[in-house]
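Peer 1: need coordinates for the following:
(2 chains)
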Amino acid sequence: MSHSIELTINERVIVAKPGERLIDVAQREGIYIPRFCYHPKLSVVASCRMCLVDIEGIGKTQPACATLVSDNMVVKTQSHKAIDAQKAIMQFLLINHPLHCPICDQGGECELQDTAMGYGKGVSEYSESKRVVADEDLGPLVKTDMSLCIHCTRCVRFGKEVAGVPELSFIGRGDTAGISTYLSRGLKSELSGNVIDLCPVGALTSKPFRFKGRSWGFKQQRGVSSHDCIGSNLVYHTMAKGYENITDVMRVVPYTNMALNEGWLADRDRFSYEGLYASERLETPLLKEGDHWRQASFEEVLTLIYNRMVAVDPEKVGVWLSSQMTLEEGYLAQHVFRSSGVENIDHRLWMNADVPLYQRPSSVALGDLHSFDTIVLIGSNIRYEQPILALRLKEASEKGSDIISIGAIAHEYYFPYQCHLTQPQELAMRVFELLHPPVSGQGSLSGKVLFLLGEEALIHVDIAQIQAMVHHWCDQSESEYMLLTPGPNSLGLAASGCTPDYKAWGAAKANGLSYYRMLRNTMDVMWLHQVDPMQDVSDPKRAYQLLKSAFTIAVSAYDTASLRDCADVILPLALAPETPGSYLNYQGLQQKFVAASSPRGEAKMGWSIYHVLGSMLSKVVAKDYDTLSQDVDRAYGTMVWPDIEQVPVEKPKVISAQWMRVGLSSWVRGDGLVRHAAALQQAYPIEEFVLLAETQEASIEGQITNLKYSDTIAPGTLVYERGQVFYAETMGPLDDGDVS
Amino acid sequence: MNIGAVIATLLFFLIITWLVIGSEQLKRYLLVDFLKGLGVTGRAFWRRKITQHYPDEGEELPISPRFKGALALRRYENGEERCIACKLCESICPALAITIEAEERADGARKTTRFDIDTFKCINCGLCEEACPVDSIVCTDEMHYSILQRGDNILAKDQLLMIGDMYEDRIQHNLREDNDG
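Peer 2: Predicted coordinates for the structure are as follows:
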């Protein structure tokens, strides 16, 4: 395969590898061949016929997408024959395509519009009536205009080949042919938004964005996904609103980073921007007076905070930070608190155990997943926790990796996998048995193995044991493991010192109380950064008790009922697209971004709140954001991660607890931004289950999400959704009888 | 001395002067151009006047059907506003005088939620009218308007539609006249 061949395109001699597609070779050489159905990430169907080219020696024009290059091939893309074919096809496609461009959302970024301008005839000879197709409701995220469809079937192939969920299909023939879900059930896939980008015409467009703007009217600003630890690259399209110099995010589109998201984007990243403009957004500081809340000025509130902070014993101050914080904010926050003597800082609010810092960057690149013989998912609902990583798992599975899942729920995945259904009480033991099979050789893992520790493992009481076992096992082989931490920047916060165990950049050990221990202590002052005590912590009940007894200062972008219950002061915060910063993804790759839009009202960027607080407390803080950012870059660039504390590996025991949680919240309720994104919440509503179990406290109606009727659940498992009234249990697989 | 001698003498001096200083100078001495100009004034003085003393008199000014006056938004005959928020006028406006925000109306139609024209910025070039695919934004022939206060310069959508309603007959008349002529 290493030899190369020569071919001629438009009288230019071009070197290519055998097996390459003509359309790709031409594109690489800067010769554009018009196309609709061809997409480099999808299979070739050659159905649109737009890429017809003239190949010497072949009588008829050939589709460039379905033609492989061969030696001494002579191709003309601009010969009389080729141009004739292009014009004829263009005219043919436009027969049924309505000329709605001024009211079509795709207008201005439409491949059909562009191609018609460049390769069309300019006049139509068709005067008969056009085809009209009824629209189908595909749910709150994707809007259809099916009369515009040119039947390229990109969306169909995406569902089948990439997302693994064949939701759309091509039904009917001739004049009645069309794209449909057939059962009119709408799109349910966590990647459904990608069909919007794939559709070359305006048949599939974004519903939340519908009619709101034009592709040419936006400023483009690169950003990083703020919901998962992969760090998908994206582009914010922003537009100035009104005359007050306010810039709003109008939509989010993916940015192709072949090492990370390959141009795909999960719905959570694509549509969460709506949360920025939710009515619950907090715009002014709030102050509690007696039982009433009133608006206050920053000056007043900060003075109050200052007076509290100087008066209180630093050991009685606790700081909970959200893993949505940027690296810069996290560093500055812990710097201000640490230099005031406060050591009780934690961001791992998902923990159900008191474990020293265990997060480390992984050296596994997403593109290398197929090099592992076996991939073991330990307690992970990977499809929803890390949708982009799940795509790569599917790819690896297709290339021959075996996938094994251990956990309490057998999730519905779109790749074949072997499931070890486990009671959560036994998770650690089952992992131990998998790594050290009782009968040697039987069922043991062989070759290169990749372990992915998901949410169920991370929130597990025995996480320290599970990680130690996996770490130890990986040490002795060329296997690797990866921690799939919630939030976009938990690794960054671990690096910048927002943990009770290590100071910034792992420089020295620290000795603060972890989140787990703070819950079991009393505190005088609690500081929350973008933490909703009902939704964002693993133990809302204890958190409520603690926060209510302490003087609680909350920095939050949203004004929620649970914050009003617990906090005494709320400061408005600017969220990720409104603030500059950087995130570390699971590999420790620092991805920087700048502020794309303006903060709502008086909301302040996190770094500036800590900057002012630091100045008030007379601490040394960087003089402005640029200095801070440079300091952080320098420090992170030279950072050496401390070694993981060795925990002796022993055979774990079954936990006697009656109730065990197996997950945090559903993928569209994991942080404040997505919780307030209207269309997303509508698309993935809370599915209500009345469950039969009774907890020690009371009988409770639980609500479970991300759980399908087809999912099998280990008996005795406790399924839990954060924020939506607590414990629930299923005694055996869910069947219709459990559903109210 | 008889008259013949006097005329002969004068002619002699004139010929001598013409020979010495040339005809142009001579014309100047004789006020020829001055008398010519005075003659034009005299003729115009008695002719019928065509200047109109605007605005003191002459309400009906002759105006081209293509005159680019105040901007307006038009409606269809059934009262539906024509504008479909395609934003072509906004993007072609060389003075960036147009601001449009849009979203889906309850019945699914594409309509603007804000359509502002800053009359201070507008240079009445008429490119928006050219760009509009539905003949919604038009230049009326109205030139009798002024902005007295800062802030009033921004014409909002309802004001523009109101202007359109008021001038609909004249807009149609001008369009007809332009097409016929």
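Peer 1: point out where chain A drops to low pLDDT.
Peer 2: Applying pLDDT under 70 to chain A picks out residues A:1-2, A:440-443, A:657-661, A:663, A:686-740.
Peer 1: can you give the domain ranges for the chain?
Peer 2: Here I'm looking at chain A. For chain A, automatic domain parsing gives the domain ranges A:5-94, A:101-206, A:286-357+A:489-637.
Peer 1: actually it's chain B I care about, not the one you picked
Peer 2: With domains defined by automatic domain parsing, chain B comprises B:3-46, B:71-180.
Peer 1: of the ones you listed, which approaches A:K212 most closely?
Peer 2: Comparing these against A:K212 with Cβ to Cβ, the closest turns out to be domain B:71-180 (5.4 Å). (Glycine included, C-beta is placed from N, CA and C.)
Peer 1: wondering if the closest one reaches chain A at all.
Peer 2: Yes. Against chain A, domain B:71-180 shows contacts by Cβ under 8 Å from any Cβ of the partner chain at B:84-88, B:90-91, B:99, B:101-104, B:110-111, B:114, B:133-134.
Peer 1: residue contacts, the residue in chain A that chain B sits nearest to?
Peer 2: At 3.5 Å from chain B, A:P102 is the closest residue in chain A, using Cβ to the nearest Cβ. Counting by Cβ atoms under 8 Å, 6 or more residues apart in numbering or on different chains, A:P102 makes contact with B:I84, B:C86, B:L88, B:P133, B:V134.
Peer 1: now with 6 Å, please.
Peer 2: B:I84, B:C86, B:P133 (Cβ atoms under 6 Å, 6 or more residues apart in numbering or on different chains).
Peer 1: ok, the last one - contacts?
Peer 2: Translated: B:P133. A:P102.
Peer 1: swap the cut-off to 7 Å and go again
Peer 2: A:P102, B:C86, B:L88 (Cβ atoms under 7 Å, 6 or more residues apart in numbering or on different chains).
Peer 1: residues in contact with A:R214?
Peer 2: A:G108, B:K87.
Peer 1: what's the neighbour count on A:A259?
Peer 2: 11 (other Cβ atoms under 10 Å in any protein chain shown).
Peer 1: which residue is the nearest non-sequential neighbour of the residue of chain A closest to chain B?
Peer 2: Distances taken as Cβ to Cβ, 6 or more residues apart in numbering or on different chains put B:C86 closest to A:P102, at 3.5 Å, once the chain neighbours are dropped.
Peer 1: let me know the secondary structure of A:C419.
Peer 2: strand (DSSP: H, G, I helix; E, B strand; the rest coil).
Peer 1: so what's the residue count around it?
Peer 2: Using other Cβ under 10 Å, A:C419 has 16 neighbouring residues.
Peer 1: what's the answer for A:Q359, then?
Peer 2: For A:Q359, using other Cβ under 10 Å, the count is 24.
Peer 1: what's the answer for the one 5 residues further on, then?
Peer 2: By other Cβ under 10 Å, 17 other residues sit near A:V364.
Peer 1: ok so it is a helix residue?
Peer 2: No. Applying three-state DSSP, one finds A:V364 to be coil, outside a helix.
Peer 1: now do the contacts for it.
Peer 2: Contacts of A:V364 (Cβ under 7 Å, 6+ apart): A:L450, A:E480, A:M482.
Peer 1: now, which of the residues you listed lie close to chain B?
Peer 2: By Cβ under 7 Å from any Cβ of the partner chain, no member of those lies near chain B.
Peer 1: which of these fall in strands?
Peer 2: Among these, the members found in strands (DSSP state E) are A:L450, A:E480, A:M482.
Peer 1: A:L389 sits in which helix or strand?
Peer 2: For A:L389, the host element (DSSP states H and E) is helix A:387-398.
Peer 1: which elements pack onto the helix or strand following that helix?
Peer 2: Using DSSP H and E, the helix or strand that follows helix A:387-398 in sequence is strand A:402-407. Counting contacts by 3 or more Cβ pairs under 7 Å, 6 or more residues apart in numbering or on different chains; DSSP states H and E, strand A:402-407 is packed against strand A:374-378, strand A:418-421, helix A:427-435.
Peer 1: can you list the strands that the next helix or strand after strand A:402-407 pairs with?
Peer 2: From strand A:402-407 onward toward the C-terminus, using DSSP H and E, the following helix or strand is strand A:409-410. Strand pairing for strand A:409-410, using DSSP bridges, gives strand A:712-713 (antiparallel).
Peer 1: show the pLDDT at B:V40.
Peer 2: Per-residue confidence at B:V40 stands at 94 (pLDDT).
Peer 1: ok so it is a helix residue?
Peer 2: Yes. According to three-state DSSP, B:V40 belongs to a helix.
Peer 1: return the distance of it relative to B:Y29.
Peer 2: 21 Å (Cβ to Cβ, to the nearest Å).
Peer 1: just A:A278 next, same as before
Peer 2: 93 Å.
Peer 1: in terms of neighbours, single out the busier of the two.
Peer 2: Using other Cβ under 10 Å as the criterion, A:A278 and B:Y29 rank with A:A278 on top: 18 against 10.
Peer 1: list the contacts of the more buried one.
Peer 2: A:H676.
Peer 1: how long is stretch B:138-156 from one end to the other?
Peer 2: Taking Cα to Cα, to the nearest Å, stretch B:138-156 runs 15 Å from one end to the other.
Peer 1: for it, which residues meet the burial criterion?
Peer 2: Judged by neighbour count (16 or more other Cβ atoms under 10 Å in any protein chain shown), stretch B:138-156 contains these buried residues: B:V138, B:C139, B:T140, B:D141, B:E142, B:N153, B:I154, B:L155.
Peer 1: same question for stretch A:391-401.
Peer 2: In terms of neighbour count (16+ other Cβ under 10 Å), stretch A:391-401 has its buried residues at A:L391, A:R392, A:L393, A:K394, A:E395, A:A396, A:S397, A:S401.
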